[in-house]
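K.L.:
generate a structure from the sequence data that follows.
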Amino acid sequence: MSYFGTRVNWEEVDIIWTLEISYLGEVFRFSTITMDLVDGDGKNYPYLSGLEDVVVNSTLQKVGDISAQADSVSMAITFQNLNVAIKQMEGKFLEGSTASIGYALIKNGEIQTQYDDRPIIFKGIITSPNYGHPNRPVGYVEFSIENKALISSQGLLSTIMGPNMYVESVSCSNALYVSPEWPQDKGLVEVQDIHRGKVIPWVFGKLQGVQQSNGDIINIPITPAYVIAYDKSLPTAPCFYLACGHVTNANTIQVYSNSSEEDGAIIKTFVNIDNRTLTYFTLDNASPIPQDVGANSDREVWVEWDDGGAYPNPVGEGDLEGGGDICLWLLSELTTDVDYEAWNALRPLLNQYKFAGYVNDDKITVFQWLQKNIVAYLPISIVNGPNGLKPVLDLFQTVGDVRPRLTIIAGTEFQRAGAVVSLNTPEDVSNHITVRYAMNGVVDDYSTFVQVSNEIPAASTLASISYIAHPKSMISIQRYGRKEKVVSLDFCYDNGTAQRIAQDILEREALPIKSVQYSVSLRYGYLVLGDIIQITDVEIGLDGHHGQIISKVFDEGRWLMDIKIDYNPLRYNRNV
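P.N.:
Residues are numbered from 1 along each chain as shown. Here you go, the predicted structure:
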């Protein structure tokens, strides 16, 4: 069916809630009234009456957050010809059964919704069933449905490289396979033990050619490498350095010491005794970098990756670097509750944010690292929708055009139900944004920056690279004074990404954010959290303004929706 139509077609329309439960190998269907829904092929799906009105209150998380759960829904139903208490005693537990809540529309006694078209607004698992009530039928049961995604607390590095993540677990002499071959005789001396406790790094993204504010492209030391063996039997006395705990797409690297020497090297691989493929390179005594295998040496060796990404993309082609690919891959490692369709729709846009770096923290979990270092700098919220964890693009993002799902004029079907309220205060405003990025491993500091503000310094020779003048910053500074914010990106080496992140922050934080609540006709129930609409409400000055649904609840036959409004005066030709 179509959800669109004239207002007269939707007068006296009512809602019928539906509930499907997968239990005992079959699907039990309940609804507000006894009815049949018919699919496109004419097949009937019978629903048993007894389901009361459902209250599902869903709220969008703030940008950069992951929400693995939503509010639970409590309800009571009666199974026909089924003794719930007996089934529980037989070990056929209702707990953990999947359930989904949707609805159909009815007008003048006729169902307006086909089975295939019924909106599903909540999915989850049944928890805490209460049964065996003395004054109720034996099939009566009260329970909650929770749609919390089952998120694993597994470590990031153990997920990627396995449990043996320490340098001392590497075995050169007993390697299962080496390409190309290295000497397997008594001349090979292993020295991994001098790095005991150090973690083999996971390295990802493109780690080369950082562009400075003056336009120069420079190479910098980025990821650590550890000497693991040397061959005293050869005149060149080559040393073998461990670069990362996995295969890479790179072929050559630039190597640096912490005492300013540098050299080039070729990437090689070997298979460790635990069947893991590790990446290494060799330097000999002809290298400008002095070879040192002493246990108490303070010499450090660092790598810049010349000609390829450091980690192959597990969910696509090429290198793992795009924000969308990183999120989809790591979430799929954590849980089966992933909305792949929603992620695939946004991946091209999110992959414009490119991340890179290395991780050698053996304590951080996948969820912690993803939230702190990737999602926090993407223009999305991650919510647990009916089909699993999905991204919701923010209204104030800068990477693409904001295209509203539909156009609304306030009236009886989309009626303001509350005042315009502020979601933040002037104290939350930031209008002069500096993003520091491209960490140099040797000096342990960032190599360059991007700044978005109300002006470009006159001395800048390449203003478009490091300095961006943004008119929204000017408006904000005129209203609230200069309010600076500095953000440091540990996993960014790309100027374009740093620019996008800086501008995203300015777009979100330069001006106060307002929202308005509307009481909405049933026919707009298909709108979901994160949907962007274009709304005109002349009484409060909205004239084709963009808004984003940030909260939705069913109340007394209508939907209550909180709409975050874009009040950017530059976009709507208003005076500053």
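
K.L.:
only C-alpha atoms from now on, for both contacts and neighbour counts.
P.N.:
Will do.

K.L.:
so what's Y256 up against?
P.N.:
If you count contacts by C-alpha atoms under 8 Å, 6 or more residues apart in numbering, Y256 has them with P221, E262, D263, I289, V301, W302, V303.

K.L.:
scratch that, N344 is what I was asking about
P.N.:
No residues are in contact with N344 under the rule C-alpha under 8 Å, 6+ apart.

K.L.:
whichever of the contacts of Y256 end up buried, select them in PyMOL.
P.N.:
In PyMOL, a selection of the buried entries from these looks like this (16 or more other C-alpha atoms under 10 Å):
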select buried, resi 221+262+289+301+302+303
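
K.L.:
tell me which of the contacts of Y256 is nearest to F79?
P.N.:
F79 lies nearest to V303 out of the contacts of Y256, by C-alpha to C-alpha, at 64.8 Å.

K.L.:
that closest one - that's part of a strand, no?
P.N.:
Yes: assessed with DSSP: H, G, I helix; E, B strand; the rest coil, V303 lies in a strand.

K.L.:
that one against P224, yeah?
P.N.:
Yes: the criterion here is C-alpha atoms under 8 Å, and V303 meets it with P224 at 6.2 Å.

K.L.:
ok, back up a step: V247: which of the contacts of Y256 is nearest?
P.N.:
Checking the contacts of Y256 against V247 by C-alpha to C-alpha gives V303 as the nearest, at 15.3 Å.

K.L.:
for that closest one, which non-adjacent residue is closest in space?
P.N.:
Once flanking residues are discounted, V303 sits nearest to V255: 4.7 Å by C-alpha to C-alpha, 6 or more residues apart in numbering.

K.L.:
chain center to the host helix or strand of that neighbour, what's the gap?
P.N.:
Per DSSP states H and E, V255 falls inside strand 252-257. On the basis of C-alpha atoms, centre = their mean, to the nearest Å, strand 252-257 sits 32 Å off its chain's mean C-alpha point.

K.L.:
avg pLDDT for it?
P.N.:
Mean pLDDT, strand 252-257: 94.

K.L.:
next: stretch 324-332.
P.N.:
Averaged across stretch 324-332, pLDDT comes to 96.

K.L.:
still on that earlier bit, overlap in contacts of V303 and P224?
P.N.:
The contact lists of V303 and P224 share A243, where a contact means C-alpha under 8 Å, 6+ apart.

K.L.:
quick one: contacts for the residue nearest to V303?
P.N.:
P221, E262, D263, G264, A265, V301, W302, V303, E304.

K.L.:
what about it, distance to S297?
P.N.:
For V255, the distance to S297 (C-alpha to C-alpha, to the nearest Å) stands at 18 Å.

K.L.:
flag the shaky bits of the protein, pLDDT-wise.
P.N.:
Low-confidence segments of the chain, defined by pLDDT under 70: 1-12, 68-71, 149-150, 176-177, 179-187, 295-296, 400, 458-464, 572-576.

K.L.:
hmm, back to that, dump the contacts of V255 to TSV, plus distance to D445.
P.N.:
Shown next, in TSV, are the contacts of V255 (distance: C-alpha to C-alpha, whole Å):
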residue	distance to D445
P221	11
E262	19
D263	22
G264	23
A265	25
V301	16
W302	14
V303	16
E304	15
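
K.L.:
which one among those gets closest to D116?
P.N.:
Nearest to D116 out of those is E304 (C-alpha to C-alpha; 53.5 Å).

K.L.:
what's the burial count for T282?
P.N.:
18 (other C-alpha atoms under 10 Å).

K.L.:
residue contacts, it?
P.N.:
Counted by C-alpha under 8 Å, 6+ apart, T282 has contacts P238, C239, F240, Y241, A265, I266.

K.L.:
quick check: the closest residue to D39 other than its chain neighbours vs V54, distance?
P.N.:
Leaving aside its sequence neighbours, D39 sits nearest to Y115 (C-alpha to C-alpha, 6+ apart; 4.8 Å). Y115 sits 19 Å away from V54, going by C-alpha to C-alpha.

K.L.:
just give me how far the helix or strand harbouring L349 sits from the chain centre.
P.N.:
For L349, the host element (DSSP H and E) is helix 340-350. Averaging C-alpha positions (C-alpha atoms, centre = their mean) puts helix 340-350 10 Å from its chain's average.

K.L.:
flag every buried residue along it.
P.N.:
Within helix 340-350, the residues scored as buried using 16+ other C-alpha under 10 Å are A342, W343, N344, L346, R347, L350.

K.L.:
so the last one is in contact with I326, correct?
P.N.:
The one in question is L350. No: if you go by C-alpha under 8 Å, L350 and I326 don't touch, sitting 9.7 Å apart.
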